[in-house]
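S.K.: when you get a sec, could you give me coordinates for this:
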Amino acid sequence: MFDYEMTKFVLMEGFVPTVPVWNSYRKIFKMRATPVRPITYTPDFVAKAGNWVIETKGWKSEGFKFRWKLFLRYLRVRNLEIECFMPSNKKEVDKVVNYLKEEYGEESNRSNG
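M.R.: Purely as a prediction, here's the structure:
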């Protein structure tokens, strides 16, 4: 079984900078101690058992490419053995689904609905 966009990975924790940061907010340029929000990644589909993720992408933005690299590093640093799939068209999606059925069984690919 899997969930759709239910699992969020925190790739980098948020923090408050310890150096002066000057920026513009509502047309006022000044120094601010604005917290930096965490960098997170939410795959499209995650196995309930946590052993695979699927990210369906046609066009990949620069922001996504950066986040994907951070996610792969996140898995490596934590020694997490999660299979990652990124199909970009229907043919590739079908191939992933067939692979998951063979590898993990039919039950692995049913939704909760």
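S.K.: what's across from the one residue sitting closest to the centre of the chain in the sheet?
M.R.: What sits nearest the mean C-alpha location of the chain, by CA atoms, centre = their mean, is residue 41, with 3.1 Å. When assigned by DSSP bridges, residue 41 has beta-bridge partners residue 9.
S.K.: so who does it touch?
M.R.: By CB atoms under 8 Å, 6 or more residues apart in numbering, the contact list for residue 41 reads 8, 9, 11, 67, 68, 70, 71, 74. Where C-beta positions appear, they are placed from N, C-alpha and C, glycine not excepted.
S.K.: ok, so of these, who is nearest residue 27?
M.R.: Nearest to residue 27 out of the contacts of residue 41 is residue 67 (CB to CB; 30.0 Å).
S.K.: how many residues are close by the closest one?
M.R.: 19 (other CB atoms under 10 Å).
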